[in-house]
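**Student:** Generate coordinates for the sequence data below:
(chains A and B)
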Amino acid sequence: MIWLQRLTKYYEEDHILFSDVNLLIPSGVTVGILGENGSGKSTLLKMIAGAELPSSGRIALDGSLLWAGSVTSAMNGQMTVEQSLRFLGRLYIEEDRLMEEKVEEILRVAGLTEKRRILWNKIPGDQRQKLKFAALCVIETDHLLIDGGLAPKNDSFFLEKMVERMKRSTTLLASGNKKILREYCDAGIVIHDRKLHYFDAIAKAQKFFESVKSHDKTDT
Amino acid sequence: MKRGFFTRFSGGMGHTLFPVDEAAEWLKQELPQERNSWRRFKRVVYALYLRQLQRQLKGEYAGFVWLLVEPLMMIILFTLLHTVIRGRSSSSYDIIVFMGSGIVPFFLFRTILTSSLRVFKQNKSLYHYSQIKPFDAFVANAFFESSLYAVITLILLLLAFLIGVDIVPQNFDGVVVGILWLILFGVSWGLFLGVLSHFYEVISKFVSFMSFPLLILSAVFFPLSSLPPVPREWLLYNPLVHFMEWIHGSYLATLDTRYVDFSYMFEWTVIPLFLGLWLYTKAEGKFLDS
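**Tutor:** Below is the predicted model:
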């Protein structure tokens, strides 16, 4: 479950993203987040992930969280692929042996077990992407936040794994891709007029989003 | 705006609108605080500590060698100066031990302080992980620098032992307490100035500027008892002098700790610690990437 309590977020006085939002996102659903560009989709995820603070109000979770945008944040040229993954693993898994198993699994899923001793910035970008998505699939958390794609270059092997993974968590998915949202989300949140509007079916959310979009257009 | 109503959702059953009083009830509800648990803190500090260790080991060995050579050179330099000025016979205690037990703890303090001024900014990308708070990076850094100096101390002690210096402290417990307290003292000031320097750049510059005067004015390479009363009184306003006097006096049987004022040390440790913690809780969000 994710609680948003009296959540307000603004950057300057005239740039208000959310104002006094209250929302309870239930456990176990996959929620698509819809909103215009710049309406605060990523900011919402960042705030829930704790990477940015709300201007006022509170956010709480009843369990662990993994945000796709953070997976490779700690990686740098001074650590090998394996060391980087171990660092990531340690943040989520207390027991060392279990952590080692997860690291192995990430390398196996990404198909890069032989690259473990290579420095992170010495492997090509597409392999880093594979490792990122493999980590998202392998590290189990109660909540999962994804902005952007579900798999590197829509690779079907990763996509399948990711869909399985999303079923095991409360997932928030911010994507501009209508097809992806419709296919994989149960519920939807529409960001409109500084509020979050929750719908228990993604189809309803998309319908509402389209209607406010066309409404806004006729307004101006 | 529909003030007075808000939407509540549960069990995936869709949304319903609740009237104001019920909304007020729900707003008062205690929210879970998993993010701040002690277990999370330990796990994160451990991971950050190992990360910093790996980076140190991966980095150039020249870096570590310099960490070792810098205090070593200073010990040799001050020992030579002392011997030239005073002559060998004038000192009743072992001058190398005196210099070592002053310079290495001073460097430890200085390193904790100056690295704390960098640590909040340096680890910025790590705050993307929901479990890592800037404070965790600060604590992990203090542990790391302390353990680095533990290794340096052991190597220097071994070197001294090999050339025949009597390295056994007269009051072992006293030395250990003194160094641990000095670490805490450095952590307090590191936190306080580290948070402040995030807002006032000039503080970092001031600290690096003060580094050398502090070395001279902290009774690192001379005992207070060697000074005339007036400058001695003045130097005693510097809290670091008390730490140095305590460590020197505990290490060497021929010196004592008569000038050490524990309550003065305590005040100068606890006040910045609480100020630092208070400022940190106020400013935590400012360290995050925005």
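
**Student:** can you map out the strands along the stretch 151-290 of chain B?
**Tutor:** With DSSP state E, counting those that start in this stretch, there are no strands along the stretch 151-290 of chain B.

**Student:** Return the residues in contact with residue A:80.
**Tutor:** A:116, A:117, A:118, A:119, A:120 (C-beta atoms under 8 Å, 6 or more residues apart in numbering or on different chains). C-beta coordinates here come from the backbone N, C-alpha and C atoms, glycine included.

**Student:** What is the burial count for the last one?
**Tutor:** The reference is to residue A:120. 21 (other C-beta atoms under 10 Å in any protein chain shown).

**Student:** Quick one: residues contacting the closest residue to it other than its chain neighbours.
**Tutor:** Leaving aside its chain neighbours, residue A:120 sits nearest to residue A:75 (4.5 Å; criterion: C-beta to C-beta, 6 or more residues apart in numbering or on different chains). Contacts here follow C-beta under 8 Å, 6+ apart; on that basis residue A:75 touches A:84, A:120, A:121, A:128.

**Student:** how about TSV for these, with distance to residue B:149 and secondary structure added?
**Tutor:** As requested, the contacts of residue A:75 are exported to TSV (distance: C-beta to C-beta, whole Å; DSSP: H, G, I helix; E, B strand; the rest coil):
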residue	distance to residue B:149	secondary structure
A:84	27	helix
A:120	29	helix
A:121	30	helix
A:128	36	helix
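
**Student:** which of those lies closest to chain B?
**Tutor:** Using C-beta to the nearest C-beta, residue A:84 comes nearest to chain B of the contacts of residue A:75, at 9.0 Å.

**Student:** State the number of residues packed around that closest one.
**Tutor:** Considering only other C-beta under 10 Å, residue A:84 is surrounded by 25 other residues.

**Student:** And it, how far from residue A:99?
**Tutor:** 13 Å (C-beta to C-beta, to the nearest Å).

**Student:** Was I right to think residue A:40 contacts residue A:8?
**Tutor:** No. Residue A:40 lies out of contact with residue A:8 (C-beta atoms under 8 Å); the separation is 11.5 Å.

**Student:** shared neighbours, those two?
**Tutor:** residue A:18.

**Student:** who's more crowded, the two?
**Tutor:** Shown here are residue A:40 and residue A:8; by other C-beta under 10 Å, residue A:40 has more neighbours (20 against 15).

**Student:** Excluding sequence neighbours, find me the nearest residue to the more buried one.
**Tutor:** residue A:17 (3.7 Å).

**Student:** Show me which residues of the lowest-mean-pLDDT helix or strand in chain A are buried.
**Tutor:** In chain A, the helix or strand scored least confidently by mean pLDDT, DSSP states H and E is helix A:202-219, which has a mean of 83. For helix A:202-219, the neighbour count (16 or more other C-beta atoms under 10 Å in any protein chain shown) marks A:202, A:204, A:205, A:206, A:208, A:209, A:212 as buried.

**Student:** can I get the contacts of residue A:80 in CSV with distance to residue B:190 and secondary structure?
**Tutor:** Converted to CSV, the contacts of residue A:80 look like this (distance: C-beta to C-beta, whole Å; three-state DSSP):
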residue, distance to residue B:190, secondary structure
A:116, 36, coil
A:117, 35, coil
A:118, 35, coil
A:119, 31, strand
A:120, 29, helix
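
**Student:** for those, which one is nearest chain B?
**Tutor:** Nearest to chain B among the contacts of residue A:80: residue A:119, at 8.6 Å, using C-beta to the nearest C-beta.

**Student:** which stretches of chain A form strands?
**Tutor:** With strands called from DSSP state E, chain A shows them at A:2-10, A:16-25, A:30-34, A:56-61, A:65-67, A:143-147, A:170-174, A:187-192, A:195-199.

**Student:** Report the contact partners of residue A:77.
**Tutor:** Here residue A:77 is in contact with A:119, A:120, A:121, A:122 (C-beta under 8 Å, 6+ apart).

**Student:** helices and strands around the least confident helix or strand of chain A, which ones?
**Tutor:** Here helix A:202-219 touches strand A:30-34, helix A:178-184, strand A:187-192, strand A:195-199, going by 3 or more C-beta pairs under 8 Å, 6 or more residues apart in numbering or on different chains; DSSP states H and E.

**Student:** what residues are up against residue B:127?
**Tutor:** Counted by C-beta under 8 Å, 6+ apart, residue B:127 has contacts A:50, A:51, B:133, B:134, B:287, B:288, B:289.

**Student:** about what we covered before: could you identify which of the contacts of residue A:77 has the most neighbours?
**Tutor:** That'd be residue A:120 among the contacts of residue A:77, by other C-beta under 10 Å, with 21 neighbours.

**Student:** The contacts of residue A:77 into a markdown table, with extra columns for pLDDT?
**Tutor:** A markdown table is the format used below for the contacts of residue A:77 (pLDDT from 0 to 100):
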| residue | pLDDT |
| --- | --- |
| A:119 | 93 |
| A:120 | 94 |
| A:121 | 92 |
| A:122 | 94 |
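
**Student:** now the helices for the stretch 151-290 of chain B?
**Tutor:** Assigned by DSSP state H, counting those that start in this stretch, the stretch 151-290 of chain B shows helices spanning B:172-199, B:202-216, B:229-235, B:239-251, B:262-287.

**Student:** Format the CA atom coordinates belonging to the third one as PDB.
**Tutor:** Output for helix B:229-235, consisting of C-alpha atoms alone and laid out as PDB, is shown next (Å, rounded to 0.1, in the frame of the first residue of the first chain):
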ATOM      1  CA  PRO B 229      51.300  30.600  31.800                       C
ATOM      2  CA  VAL B 230      49.700  33.300  29.600                       C
ATOM      3  CA  PRO B 231      49.800  31.600  26.100                       C
ATOM      4  CA  ARG B 232      48.900  28.300  27.900                       C
ATOM      5  CA  GLU B 233      45.700  29.900  29.300                       C
ATOM      6  CA  TRP B 234      44.900  31.200  25.800                       C
ATOM      7  CA  LEU B 235      45.500  27.800  24.100                       C
END
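
**Student:** for that helix, which positions count as buried?
**Tutor:** For helix B:229-235, by 16+ other C-beta under 10 Å, it's residue B:235.

**Student:** what's in contact with that helix?
**Tutor:** B:217, B:218, B:219, B:224, B:227, B:241, B:259.

**Student:** Low-confidence regions, chain A specifically.
**Tutor:** Along chain A, segments meeting pLDDT under 70 span A:216-220.

**Student:** ok so, going back, how many neighbouring residues does the residue nearest to residue A:40 have?
**Tutor:** 22.

**Student:** what do you get for the one 5 residues further on?
**Tutor:** For residue A:22, the tally of surrounding residues (other C-beta under 10 Å) stands at 21.

**Student:** Over to residue A:190?
**Tutor:** 25.

**Student:** That one bridge partners, please.
**Tutor:** residue A:34, residue A:197 (DSSP bridges).
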